[in-house]
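Trainee: sequence-free structure coming up:
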């Protein structure tokens with residue numbers, strides 16, 4: 001598996017395919033058309049690789065950045081940037097992933113462009129709907145993953161407890177007890 005899905009919300013997980021945005025060299029998880037296809041299939045958005053190409057990859061990255069820009073604008077309580085709105089709206093206006101009932105349940109088929117259209121439509125629903133008030137960014141300083149805080153009391157701090165939450169709690173424990181951190185090859 002090439003990708004992680006800590007948020008449980010596809011457009012927000014998609015925005016997280018550029019990891020550690022504040023670093024000088026963020027980690028690009030959509031480096032090739034094949035990695036874009038892997039994201040579509042690993043997320044369950046498409047049942048089979050779409051045959052993405054370089055044009056699809058450029059469109060995907062543009063959509064990802066537009067989604068991230070809109071989400072952070074909502075989090076910060078500022079006006080939505082019109083360029084990002086246009087990118088998401090243009091993608092959302094396209095034909096989404098096709099759904100069919102198959103022997104094993106729902107079969108999701110389509111092209112990379114249809115996968116992007118489905119992501120854009122979900123992003124419109126989140127950013128423009130009631131759930132926008134639940135948008136948060138991970139509390140771990142190195143992480144820039146965004147998520148919907150659906151926790152009771154709306155006090156969730158981490159994109160995922162098993163990764164960022166555990167890292168922050170372990171660092172706090174080490175700081176309190178004066179122990180050195182172990183080498184962590186899983187850090188983003």
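Mentor: Cool, the structure landed. This is a predicted model, so every value here is computed, not measured.

Trainee: Please count neighbours and contacts with C-alpha atoms only from this point.
Mentor: Will do.

Trainee: what's the burial count for residue 41?
Mentor: 16 (other Cα atoms under 10 Å).

Trainee: Please name the residues that touch it.
Mentor: For residue 41, the contacting residues are 47-49, by Cα atoms under 8 Å, 6 or more residues apart in numbering.

Trainee: how close does it get to residue 52?
Mentor: Residue 41 sits 12 Å away from residue 52, going by Cα to Cα, to the nearest Å.

Trainee: for this protein, which spans come out with low pLDDT?
Mentor: Applying pLDDT under 70 to the chain flags the ranges 154, 158, 160-163, 165-173, 180-188.

Trainee: Show me the strands in it, by range?
Mentor: Counting by DSSP state E, the chain has these strands, from start to end: 18-19, 27-28, 98-102, 105-109, 135-137, 146-148.

Trainee: out of all of them, which helix in the protein is the longest?
Mentor: If you go by DSSP state H, the chain has its longest helix at helix 54-76.

Trainee: packing partners for that one?
Mentor: Other elements packing on helix 54-76 under the criterion 3 or more Cα pairs under 8 Å, 6 or more residues apart in numbering; DSSP states H and E are helix 10-15, helix 33-43, helix 82-92, helix 112-128, strand 135-137.

Trainee: Residues contacting the longest one, please?
Mentor: In this structure, residues lying in contact with helix 112-128 by Cα under 8 Å, 6+ apart are 10-12, 37, 40, 45-46, 50-52, 56, 60, 63, 67, 70-71, 74, 88-89, 91-97, 132.

Trainee: Check the first one too.
Mentor: Counting by Cα under 8 Å, 6+ apart, helix 10-15 makes contact with 4-7, 43, 64-65, 67-68, 119-120, 122-123, 145-147, all of which sit outside it.

Trainee: give me that answer again for 6 Å
Mentor: Applying Cα atoms under 6 Å, 6 or more residues apart in numbering, the external contacts of helix 10-15 come out as 5, 7, 64, 68, 119, 123, 146.
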